[in-house]
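>>> fold the following and give me the result.
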Amino acid sequence: MITIGILPVGKTDSEVLDRITENLRIVFTEAEITVTPEALPTPEEAFSKTRQQYRSDIMLNAIRGYTEKNGAARILAIANVDIFIPRLPFVFGRAECPGKSALISLFRLRPEFYGRPPNIQVQVDRGTKEAAHEIGHTLGLKHCANPYCVMYFSKSIFETDRKQSLFCNKCYLKIQSTTAENREDT
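Numbering: from 1, shown residues only. You can find the predicted model right below:
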């Protein structure tokens, strides 16, 4: 069994966190998933004044430090700030592949970012997909060519909306193999 801690970063909506956590329990049926009692402050050193965004690699380093300090098997951090990597204008998330630390941002998953009215269900659905995607990376999965698989790389919100929150058969079998190897190692 894998354990996954959900770590709020900065100010995040507790209802959204709780609903994404519940959805992840459906995606990862054999995992123990809990929300950490404390939030990690948003790392101010990650903020780029020129881009007005946060560098996901610097944020991931802070999350990695939290993971190591607390001995967590895996941590998924959920932030509500706009994140990027230098070669792309934005990312929805980032993770160690394979590894223990992952990060998603709810900032561009909110319908109001695209001029739509607020809709918590849409935000939770999108957040669940991106969370499952990044956790998949921590389990060693690469991007999938199947546009409906949660491991498909989303370059836009339309691709996130199209894919499902579940793994295709090929990716699911890889996860089963990885988690079985982890059980044998313990």
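>>> how about the residue nearest the centre of the chain, secondary structure?
Central residue of the chain (CA atoms, centre = their mean): A131, 3.1 Å from the mean position. Secondary structure, DSSP: H, G, I helix; E, B strand; the rest coil: A131 is helix.
>>> contact partners for it?
Listed by CB atoms under 8 Å, 6 or more residues apart in numbering, the contact set of A131 reads 20, 23-24, 76, 78, 93, 102, 104. Quick note: C-beta positions are derived from backbone N, CA and C, even for glycine.
>>> can I get those in a markdown table with neighbour count, secondary structure and distance to V122?
As requested, the contacts of A131 are exported to a markdown table (neighbours: other CB atoms under 10 Å; DSSP: H, G, I helix; E, B strand; the rest coil; distance: CB to CB, whole Å):
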| residue | neighbour count | secondary structure | distance to V122 |
| --- | --- | --- | --- |
| I20 | 30 | helix | 12 |
| N23 | 19 | helix | 13 |
| L24 | 20 | helix | 17 |
| L76 | 26 | strand | 20 |
| I78 | 27 | strand | 16 |
| G93 | 25 | strand | 17 |
| A102 | 29 | strand | 22 |
| I104 | 29 | strand | 15 |
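>>> switch the residues you listed over to TSV; also include distance to V150 and pLDDT.
Putting those into TSV (distance: CB to CB, whole Å; pLDDT from 0 to 100) gives the following:
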residue	distance to V150	pLDDT
I20	13	98
N23	11	97
L24	11	97
L76	14	97
I78	16	98
G93	12	97
A102	13	97
I104	12	98
